[in-house]
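>>> next comes the sequence, and after it the predicted model I'd like to discuss.
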Amino acid sequence: MSTAPTSAPTFRYSAVTFDCPDPAELARFYGEALGLPLVFSTDDFVLLGQEGGAGLGFNRLSDYRRPTWPDPSQEKQAHIELGVDDLAAARDRMLALGAVEPAFQPDPDRWLVLLDPAGHPFCLSILV
């Protein structure tokens, strides 16, 4: 058994991937919203990002079930938080890109919850 000290490997956050029924459509939505270019694409997977930065991936799942937030019958699993400088303008932009605004808003004075085209909830909040 070696007693030599070992160094920990270096980790860097590189991407988060969302399951969805249509990777190209969800990549279009987030790419336009966030100004992220296409890095890689197949029929079943699309990756957006910028060199040196973290990316967003979208993976086709044949039996994908949309989250039903706020109804817990099909939990949201994960969501993304987007900081904005103008909540109303950001809301309007995301709705124009294909987001949906659910009736239930847990704290509309602080943030808005919207649903992306695959049903994933995401939040818009004022940058602080």
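Ah, there it is. Numbering: from 1, shown residues only.

>>> bridge partners for the spatially most central residue of the chain, pull those for me.
The centroid of the chain falls nearest to I80 when counting by Cα atoms, centre = their mean (4.7 Å). Under DSSP bridges, the beta-bridge partners of I80 are F122.

>>> same question, the one 4 residues further on
Note on V84: beta-bridge partners I126, judged by DSSP bridges.

>>> run through the strands of this structure in chain order.
Per DSSP state E, the chain carries strands over the ranges 15-20, 38-41, 45-48, 55-60, 80-84, 111-115, 121-126.

>>> re the thing from before, just the pLDDT for the residue nearest to the centre of the chain.
At I80, the model reports a pLDDT of 90.

>>> again, but for the one 3 residues further on
Turning to G83, the model gives it a pLDDT of 93.

>>> for it, give its distance to Y64.
From G83 across to Y64, the span is 28 Å (Cβ to Cβ, to the nearest Å). (C-beta placed from N, C-alpha, C; glycine too.)

>>> ok, Q74 next?
Going from Q74 to Y64 by Cβ to Cβ gives 10 Å.

>>> what's the answer for L97, then?
Counting by Cβ to Cβ, the gap from L97 to Y64 is 20 Å.

>>> got it, and E81?
22 Å.

>>> which of these two has more neighbours?
Each of E81 and Y64 has its neighbours counted (other Cβ atoms under 10 Å); Y64 has more, 14 against 9.

>>> contact partners for the more buried one?
By Cβ atoms under 8 Å, 6 or more residues apart in numbering, Y64 lies in contact with D19, C20, P21, A118.
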